[in-house]
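Peer 1: return a 3D structure for these sequence lines:
(2 chains)
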Amino acid sequence: MARLDIQNLVKRYGDFHAVKDVSLSIADGEFLVLLGPSGCGKTTTLRMVAGFIEPTAGRVLLGGQDVTLLPPWKRNAGMVFQSYALFPHLTVAQNVAFGLEMRKIPRADIGKRVEEVLALVRLAGYGGRLPRQLSGGQQQRVALARALAIRPDVLLLDEPLSNLDAKLRQEVRVEIRELQRQLGLTTVMVTHDQEEALTMADRLVVMSEGEVRQVGSQRDLYERPANRFVAGFVGRSTFLDGTIETPGHFRTGGGLELKCTGGKMGAAVLSLRPERVEIGPVSLPGGPLSGLDNQLQGTVEFVSYLGSLIDIHVRLSPADRLVVQIANREGGFSPEVGQPVHVGWPLSAGQVFTD
Amino acid sequence: MSATAVATGPVVEKRRGEGLTATALLAPATIFVALCLLAPLAFLFRYSLNDFVATKKMMVEAVTIANYVKFFTDPYYTAILGTTVRIAVMVTAACLLLGFPLAYVMARTQSRFKNVLIILTVLPLFVGNAVRSAGWMVIFGNKGFFNSSLQGLGLIEKPLEIMYTEKAVLIGIIAVNLPFMVLTLQSVIESIDRAVEEAAFSLGAPPLTMFRRVLWPLAMPGILAGTILCFILAMNAYATPFLLGGPLFKMMAPLVYNQFTQQANWPFGGAIAFILMTVTLGLTLAANLIFQRKAAR
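Peer 2: As a prediction, the model looks like this:
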């Protein structure tokens, strides 16, 4: 295992910038997740690390060694593909042995290591099967075993779980994460699934339009999103468009006067997490809404009942609508469409973006 | 009629209807093949066992293997069979060698001109064998376009002997067969997940090793189908060897034709036809077995 450094990586296809100046450092043993919508450049970045795509500019350093110009077969990077890309004509054991044979490891040692790695992914005894005789989850584990067998300097995962059904996906997430910790694997995973990203990563990189929008821990991204894109992409936010008239005072497009923290003067957007907003039938002294910095009246416009949670869409003004999420508790507030309500939130719950 | 019979009736009827439909769908093609392929072959085989009186140019009913013996004991004929097999093998090898890279590029290209490429590949087949061969006669003749150009440029003194040689026949059949090989290979390569190649690369296989260990074995069904198609076509090539090979160059298909039309020797012609067919089938099966055993390793 080794550290991985990506320095000012750029990929252009004609006029199209697939990746614009991406720099990242992944520490030895760290699990980094590249998260973003499709077409954001995350896969292109990963494929440049793997060596399948030649960067237009920038460098890739693996364990301090510049590998930018090395072809994929000369980099020691283990890759797990979205389609698994198992060799269909080879048995499970032959698949796992492939990389070891390329490294000219003696036959006897290969057999031993193949068994070790298959045991690691709980596929001991499956060595003689062909990939098509395995379930999707098992194939996924073979792909992982094949990448691990070569003892890679870095493990690259390209949407490795997207072909599994939802239930299996949750199990495999934990499995891969535990294996990664146990072996101390430097890992880069690409995904568009934020739940997957949040579960598995040590650190996340949110990308869009070929650029890194924010790098940080789960908490960093959720509590302190750097910009509107991250606030909307990681978790959910309600955005109220408006302007900051004087520092600390936000006026929405619908004319509501709100208190906010900081922000430059001018056009801005106020972002609120649905579960950080309090809601009640009326604002009573000593009630849940008392003492909140912002208190507003509104009308329930739409309710979606999600089981453990309830989403309530509240109309605050003709131009402003807010989503509030509450826990579905025994005897809790049960809103009805058309009902007048009060909503409120503390200063700290709102975040202003001026970008 | 009881109520039960009424209730079960439609189910039975539907099944019978399906059977009838299947028969109706299969029958025309089956009858066509039986009448137009199997029957003539059966007659031809029977003829090949007949006697031929050379002086009267007449077929006499008999049951003899004399025609087959004649073919295999006369070096003139066995040499023609040898040439045919040799040419077919060379053509097939050349088509595979030339066709694989082309098929690979066509299968993997992301270009929007991919369809144009495919049409360009098939385009040669729009021109009949006879027409194409006639065109080559114009180009490759001793005073043809090719030689006069080279001579005019002072690159050669004497015209290159291409027409009426084995070279001409080889070039000719390769050009005819190449599209079949390319299209067969292309469809198979297209079905191979590109990520599989990348997986091999990422595991440390350089391109040639990747080709040998991954692409080639996975493309094997296409390689088999393409080579078989190409080999059979080359073994039975008629117009190209006839027109480009000239009077001295002999292959099996023109020989069969010659026996039937020039010599009127139907029994011997029939025998040659059957020998050609059997050799083609035998070699194809043998190659198939060898390839499959290799692939199974």
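Peer 1: pretty sure A:V117 sits against A:A147.
Peer 2: No. The criterion here is Cβ atoms under 8 Å, and A:V117 misses it with A:A147 at 9.5 Å. From N, CA and C alone the C-beta is placed, and that goes for glycine too.
Peer 1: hmm, the longest helix along chain B in reach of chain A?
Peer 2: Ordering each helix of chain B by length in residues (DSSP state H) puts helix B:75-108 first. No. Counting by Cβ under 8 Å from any Cβ of the partner chain, chain A has no neighbours in helix B:75-108; the shortest distance is 13.2 Å.
Peer 1: buried set for the next helix or strand after that helix?
Peer 2: Later in the chain than helix B:75-108, the nearest helix or strand by DSSP states H and E is helix B:114-122. Applying a neighbour-count criterion of 16 or more other Cβ atoms under 10 Å in any protein chain shown, one finds B:L117, B:T121 buried in helix B:114-122.
Peer 1: now the angle from helix B:114-122 to helix B:75-108?
Peer 2: 170 degrees (axes from the mean of the first three to the mean of the last three Cα atoms, to 10 degrees).
Peer 1: what's in contact with helix B:114-122?
Peer 2: B:L102, B:M106, B:T109, B:S111, B:P179, B:V182, B:L183, B:Q186 (Cβ atoms under 8 Å, 6 or more residues apart in numbering or on different chains).
Peer 1: swap in stretch B:185-200?
Peer 2: Everything outside stretch B:185-200 that qualifies as a contact, by Cβ under 8 Å, 6+ apart, is A:50, A:52, A:72, A:79, A:81-83, A:85-88, A:98, A:146, B:99-100, B:103-104, B:106-108, B:118, B:209-210, B:213-215, B:218-219, B:221-223, B:225-226.
Peer 1: now which of those would you call buried?
Peer 2: A:50, A:52, A:72, A:79, A:81-83, A:85-87, A:98, A:146, B:99-100, B:103-104, B:106-107, B:209-210, B:213-215, B:218-219, B:222-223, B:225-226.
Peer 1: show me these that map onto helices.
Peer 2: A:50, A:98, A:146, B:99-100, B:103-104, B:106-107, B:209-210, B:218-219, B:222-223, B:225-226.
Peer 1: drop anything exposed from the contacts of helix B:114-122.
Peer 2: B:L102, B:M106, B:P179, B:V182, B:L183, B:Q186.
Peer 1: so the last one, which of the three states?
Peer 2: In the three-state summary, B:Q186 is assigned as helix, counting by DSSP: H, G, I helix; E, B strand; the rest coil.
Peer 1: sorry, back to before: quick one: mean pLDDT for the longest helix of chain B?
Peer 2: The predicted model assigns helix B:75-108 a mean pLDDT of 95.
Peer 1: does chain B have contacts with the one helix or strand A:E116 maps to?
Peer 2: Under the criterion of DSSP H and E, A:E116 resides in helix A:107-120. No. Helix A:107-120 does not reach chain B (Cβ under 8 Å from any Cβ); its nearest approach is 12.8 Å.
Peer 1: who touches that helix?
Peer 2: Residues from elsewhere that reach helix A:107-120, judged by Cβ under 8 Å, 6+ apart: A:92-93, A:96-97, A:100-101, A:105, A:124-127, A:145, A:148-149, A:179.
Peer 1: get me the contact residues on the stretch 151-300 of chain A for chain B.
Peer 2: A:L156.
Peer 1: which residues of the stretch 151-300 of chain A fall in helices?
Peer 2: Counting by DSSP state H, counting those that start in this stretch, the stretch 151-300 of chain A has helices at residues A:166-183, A:194-200, A:218-223, A:228-233.
Peer 1: quick one: distance of the first one to the chain centre.
Peer 2: Relative to the mean C-alpha coordinate of its chain, helix A:166-183 is positioned 15 Å out (Cα atoms, centre = their mean, to the nearest Å).
Peer 1: how much does that helix deviate in direction from helix A:107-120?
Peer 2: Between helix A:166-183 and helix A:107-120, the angle formed by their directions is 130 degrees, by the same axes, to 10 degrees.
Peer 1: return the alpha-carbon coordinates of helix A:166-183 using PDB.
Peer 2: Output of helix A:166-183 as PDB, limited to C-alpha atoms (Å, rounded to 0.1, in the frame of the first residue of the first chain):
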ATOM      1  CA  ALA A 166     -30.400  -2.900  -2.600                       C
ATOM      2  CA  LYS A 167     -30.300  -5.300   0.300                       C
ATOM      3  CA  LEU A 168     -27.100  -7.000  -0.800                       C
ATOM      4  CA  ARG A 169     -25.500  -3.600  -1.400                       C
ATOM      5  CA  GLN A 170     -25.800  -2.600   2.200                       C
ATOM      6  CA  GLU A 171     -24.100  -5.800   3.300                       C
ATOM      7  CA  VAL A 172     -21.300  -5.500   0.800                       C
ATOM      8  CA  ARG A 173     -20.600  -1.900   1.700                       C
ATOM      9  CA  VAL A 174     -19.800  -2.900   5.300                       C
ATOM     10  CA  GLU A 175     -17.800  -6.000   4.100                       C
ATOM     11  CA  ILE A 176     -15.600  -4.000   1.700                       C
ATOM     12  CA  ARG A 177     -15.100  -1.300   4.300                       C
ATOM     13  CA  GLU A 178     -14.000  -3.800   7.000                       C
ATOM     14  CA  LEU A 179     -11.700  -5.600   4.600                       C
ATOM     15  CA  GLN A 180     -10.200  -2.300   3.600                       C
ATOM     16  CA  ARG A 181      -9.500  -1.400   7.200                       C
ATOM     17  CA  GLN A 182      -8.200  -4.800   8.100                       C
ATOM     18  CA  LEU A 183      -5.700  -4.800   5.100                       C
END
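Peer 1: same for it, what does it pack against?
Peer 2: Identification of packing neighbours for helix A:166-183 by 3 or more Cβ pairs under 8 Å, 6 or more residues apart in numbering or on different chains; DSSP states H and E yields helix A:136-149, helix A:194-200.
Peer 1: nearest to B:L244, of the ones you listed?
Peer 2: helix A:136-149 (52.0 Å; Cβ to Cβ).
Peer 1: which positions in the closest one come out as buried?
Peer 2: Residues of helix A:136-149 classed as buried under the neighbour-count rule (16+ other Cβ under 10 Å) are A:137-149.
Peer 1: please apply the same query to stretch A:157-168.
Peer 2: For stretch A:157-168, by 16+ other Cβ under 10 Å, it's A:L157, A:D158, A:E159, A:P160, A:L161, A:N163, A:L164.
Peer 1: can you check stretch B:142-159 too?
Peer 2: B:G144, B:F146, B:N147, B:Q151, B:P159.
Peer 1: cool, thanks, signing off.
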